[in-house]
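Novice: After the sequence you'll find the predicted model.
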Protein chains: 2
Amino acid sequence: VTHTDALIVGAGPAGLFQVFQLGLLDIRAHVVEALPYAGGQCAELYADKPIYDIPGIPVCSGRELVERLHTQIAPFTPSFHFGQLVSHIQRQPDGRLLVQTTGGLEFLCRTVFIAAGVGAFVPRTLKLEGADQLLPGYLHHHLPDPAPASPEVLIAGDNEQALQAAIQLSATAKVTLVHRRDQFSAEADTTSAFRALVAQGKIRFIAGQLTGVTHEAGALKAVQVLDSEGNTRSVDTQQLLLLLGLSPKLGPVADWGLAMERRQLQVAPESFATSEPGIFAVGDVNTYPGKKKLILCGFHETVLAAFAAATLIRDGKTPLLQYTTTSTHLHALLGLTKTSADSKS
Amino acid sequence: VTHTDALIVGAGPAGLFQVFQLGLLDIRAHVVEALPYAGGQCAELYADKPIYDIPGIPVCSGRELVERLHTQIAPFTPSFHFGQLVSHIQRQPDGRLLVQTTGGLEFLCRTVFIAAGVGAFVPRTLKLEGADQLLPGYLHHHLPDPAPASPEVLIAGDNEQALQAAIQLSATAKVTLVHRRDQFSAEADTTSAFRALVAQGKIRFIAGQLTGVTHEAGALKAVQVLDSEGNTRSVDTQQLLLLLGLSPKLGPVADWGLAMERRQLQVAPESFATSEPGIFAVGDVNTYPGKKKLILCGFHETVLAAFAAATLIRDGKTPLLQYTTTSTHLHALLGLTKTSADSKS
């Protein structure tokens, strides 16, 4: 179990800047993130799209904003734990919070900051009859690496990832791609290449929806596809790839018993504390009177949350506000000057 | 009288970003600023000092931040009125606010945003017996341009501006500089040059404090100086320059009848509205539970104030939040695309 003063759930812009604001108060943070990288919506939804309303930055892409925040928080050396969803959170007798993740990590925390945005980005899935009886290794939500060696693969999806996987696997397997209509959301070049392979008979395309799977002792044998005329056919396959994109899910946050309003966590605007002592919520995941879901508002929220958390961690003693322009203490924390302890060593 | 939906008092970072947030809601603003330039504390107190806590900007100087904000708000073409202090604000029968400035400007406003920081930066002055009976042109708070042609000039002050003025005027006039002790806050080079001229008898230095003036029919004749031994002497002069630096003054804001707490304006954190309908306060001038006087918090405040003001201006209709990344309407407002109206012309 990892002991920490602060655990941040979500590494989008609010989560990253929470690291910075805690760091200025000399509090180090661990960060748990569902995706394999930081950035949240900035990375997932608009990495290459321009943002015009970050104060003092007339324009930057989502990716650039994340890079800038990474640079800014680097002095505070946050510990990132990627590919982890929080699965449980439980109050301990001493008041601390035990947080467990899907990857088996455990944190014993003085304070927790939920910066989960619109939720963790997890692969979209489908409810398929019989799928719960498949053994592992037959149904995937991403292209496995190495690629499956089975003679037949069925892919559901119409995005870049789905069509790319179909193109790649068609070199070694009999590939079927199922999507409800003959129209795709992938890049134009990818779509052309895909259509060419379909025309050459190297990929089979079926317009329809998956409804269920057939298995033998847990091994996938076939997939049922419902076409637009209402007929169901069975398509033999040994591998099923559901490449339907990522979907934000609030996930277990919704089950922690915190006060919520329309899937947002209710917080007090003087501290961004939730209804549960020691748990704060910043960024798009929270709500309070006047709330606007803007990155720059999330930044402000991290400040007041950091001060409220520091007060808890220091048993009621509120830290003084110091300024990065003038404070030699903050300059030392930011690594701009040697501390007296450093210079002695 | 100028009619406007929004008047912003103060052109520091909060005032500048208020222009931006109002602009995104298609509301144009006039800006009144006491100094002859924008930037507020960023320009006056730390133009060349580094700021480390603007989100996404690992480091920038006060001057650079102001330049960045200028660039960002340029599409909304704010009308700046520099060198103006608000002198009066009065509710009109139709609910609008009549704002008058020291320079004689009048604005009839739907909404007013007080972004006055720690107050307007105004020249420090001294209470001198008899000074209220001087005619204009004898006592100055800056070096007049053109420089006074009088044979004798007395300067009070120890800063860069005071010593520079003494050096410059010593070429053409008999200059006396008064400061309470023989120690100065000007740059080292300026201080050396000043001391050299004193040693050469080209500038007279007196350690002491000004207490009053002698005049003849409103024309300055002499200044009384109290020295450290408690003796008062009279120093003949025809011109008096009080070059004592700038001091922040909340000024008339304090007299507008708004709810205050320790010289801060009390605001509601869901709208940053003051106790007076249509008057908002953002940045260091306001207070609310949890308030931290940070530039980044002021930025957030301008967002909620802009939405609350837009709701007032549009008779209760709250504008939808749109995103600069995706909204073609905002892109048109930001001047990134031609509007359909533009392309027709």
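Specialist: Right, received. Where do you want to start?
Novice: Surely A:Gly103 is within a strand?
Specialist: No: assigned with DSSP: H, G, I helix; E, B strand; the rest coil, A:Gly103 falls outside any strand and is coil.
Novice: Okay, it and A:Gly15: tell me how far apart.
Specialist: 17 Å (CB to CB, to the nearest Å). Where you see a C-beta, it was placed from the backbone N, CA and C, and this is true even at glycine.
Novice: Please apply the same query to A:Leu336.
Specialist: From A:Leu336 to A:Gly15 the distance is 24 Å (CB to CB).
Novice: which of these two has more neighbours?
Specialist: Applying other CB atoms under 10 Å in any protein chain shown to A:Leu336 and A:Gly15 shows that A:Gly15 carries more neighbours, namely 32 against 14.
Novice: pLDDT on whichever strand or helix holds the more buried one, on average?
Specialist: According to DSSP states H and E, A:Gly15 maps onto helix A:13-24. Average pLDDT, helix A:13-24: 98.
Novice: What of stretch A:196-216?
Specialist: 96.
Novice: Report the backbone C-alpha coordinates of that stretch in PDB.
Specialist: Taking Å, rounded to 0.1, in the frame of the first residue of the first chain, the C-alpha atoms of stretch A:196-216 are listed here in PDB:
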ATOM      1  CA  ALA A 196     -10.400  -1.100 -52.500                       C
ATOM      2  CA  LEU A 197      -9.700  -4.300 -50.400                       C
ATOM      3  CA  VAL A 198     -13.500  -4.900 -50.100                       C
ATOM      4  CA  ALA A 199     -13.800  -4.500 -53.900                       C
ATOM      5  CA  GLN A 200     -11.000  -7.000 -54.400                       C
ATOM      6  CA  GLY A 201     -12.700  -9.500 -52.200                       C
ATOM      7  CA  LYS A 202      -9.900  -9.300 -49.600                       C
ATOM      8  CA  ILE A 203     -12.100  -7.900 -46.900                       C
ATOM      9  CA  ARG A 204     -15.800  -8.800 -46.400                       C
ATOM     10  CA  PHE A 205     -18.100  -5.900 -45.400                       C
ATOM     11  CA  ILE A 206     -21.500  -6.700 -43.800                       C
ATOM     12  CA  ALA A 207     -24.000  -3.900 -43.100                       C
ATOM     13  CA  GLY A 208     -25.600  -4.900 -39.800                       C
ATOM     14  CA  GLN A 209     -25.400  -5.100 -36.100                       C
ATOM     15  CA  LEU A 210     -23.900  -7.700 -33.800                       C
ATOM     16  CA  THR A 211     -26.500  -9.400 -31.500                       C
ATOM     17  CA  GLY A 212     -24.700 -12.400 -30.000                       C
ATOM     18  CA  VAL A 213     -22.000 -15.000 -30.200                       C
ATOM     19  CA  THR A 214     -21.900 -18.800 -30.500                       C
ATOM     20  CA  HIS A 215     -19.200 -20.600 -28.600                       C
ATOM     21  CA  GLU A 216     -18.100 -24.200 -27.900                       C
END
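Novice: Name the residues of it that are buried.
Specialist: A:Leu197, A:Val198, A:Ile203, A:Arg204, A:Phe205, A:Ile206, A:Gly208, A:Gln209, A:Leu210, A:Gly212, A:Val213, A:His215 (16 or more other CB atoms under 10 Å in any protein chain shown).
Novice: What are the contacting residues of it?
Specialist: Contact with stretch A:196-216 is made by A:126, A:128-131, A:133-134, A:138-139, A:156, A:166-167, A:170, A:174-182, A:194, A:220-228, A:232-235, A:240, as judged by CB atoms under 8 Å, 6 or more residues apart in numbering or on different chains.
Novice: how about 6 Å then?
Specialist: A:126, A:128-131, A:133-134, A:156, A:166, A:170, A:175-178, A:180-182, A:221-227 (CB atoms under 6 Å, 6 or more residues apart in numbering or on different chains).
Novice: helix or strand right after the strand ranked longest in chain A?
Specialist: What stands out as the longest strand in chain A, according to DSSP state E, is strand A:203-216. Using DSSP H and E, the next helix or strand after strand A:203-216 towards the C-terminus is strand A:219-227.
Novice: angle of that next one against strand A:203-216?
Specialist: Angle of strand A:219-227 versus strand A:203-216, following axes from the mean of the first three to the mean of the last three CA atoms, to 10 degrees, is 130 degrees.
Novice: Pull up the pairing partners for strand A:219-227, direction included.
Specialist: When pairs are called by DSSP bridges, strand A:219-227 turns out to pair with strand A:203-216 (antiparallel), strand A:232-236 (antiparallel).
Novice: Out of the contacts of stretch A:196-216, list just those in strands.
Specialist: Short answer: the contacts of stretch A:196-216 in strands (DSSP E) are A:Ala156, A:Val175, A:Thr176, A:Leu177, A:Val178, A:Lys221, A:Ala222, A:Val223, A:Gln224, A:Val225, A:Leu226, A:Asp227.
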